[in-house]
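Chemist: just a sequence and a predicted model for now, questions to come.
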Amino acid sequence: MLTVKVTEVPGTVDASVTFKDAEGNPTEVDATPTPTWVASDPSIVDSIVVAADGLSAKLHIANAIGSTQVTLTASENGVSTDYVDTVSVIAGDAVAADFVFGAVVPD
């Protein structure tokens, strides 16, 4: 999961992926077809430039608060699997306060 403050975007982040088996051991996926990447909400991650091998990408994060799932689809032994993670853009640090006052009650 990647969480960034809205004050840090728009911007680009490098992402890469490695694979593990059910026991946590490093493993690989098929080189063909090349793994693909997609964001579920293009208002948060508005572009993904994938490396030729599909194992890394540059994600451009837009200036919007919210979350998106980033899905990498890869094949192993001809079976396609989706791997999902999340990119979240949250509000920045508090720098102002809005006061709300009630009605005056006469003495």
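Modeler: Yep, that arrived.
Chemist: got a pLDDT number for Ala39?
Modeler: Residue-level confidence at Ala39 comes out at 98, pLDDT.
Chemist: what is it paired to in the beta sheet?
Modeler: Val70 (DSSP bridges).
Chemist: list the contacts of it.
Modeler: 45-46, 48, 59, 68-71, 87 (C-beta atoms under 8 Å, 6 or more residues apart in numbering). Any C-beta I mention is one placed from the backbone N, CA and C, and that applies to glycine too.
Chemist: what would the residues you listed look like in a markdown table with distance to Val29, neighbour count and pLDDT?
Modeler: As requested, these are arranged in a markdown table below (distance: C-beta to C-beta, whole Å; neighbours: other C-beta atoms under 10 Å; pLDDT from 0 to 100):
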| residue | distance to Val29 | neighbour count | pLDDT |
| --- | --- | --- | --- |
| Val45 | 22 | 26 | 98 |
| Asp46 | 26 | 16 | 98 |
| Ile48 | 18 | 17 | 98 |
| Leu59 | 20 | 22 | 98 |
| Thr68 | 23 | 23 | 98 |
| Gln69 | 19 | 15 | 98 |
| Val70 | 16 | 23 | 98 |
| Thr71 | 14 | 14 | 98 |
| Val87 | 22 | 22 | 98 |
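Chemist: now for those residues, which pair is the farthest apart?
Modeler: Checking the contacts of Ala39 against each other with C-beta to C-beta, the farthest-apart pair comes out as Asp46 and Thr71, at 15.6 Å.
Chemist: now the closest residue to Thr36 other than its chain neighbours. Its backbone dihedrals?
Modeler: Among residues not flanking Thr36 along the chain, Thr73 sits closest, at 4.9 Å (C-beta to C-beta, 6 or more residues apart in numbering). Comment: the main-chain dihedrals of Thr73 come out as phi -110, psi 120, following degrees, to the nearest 10.
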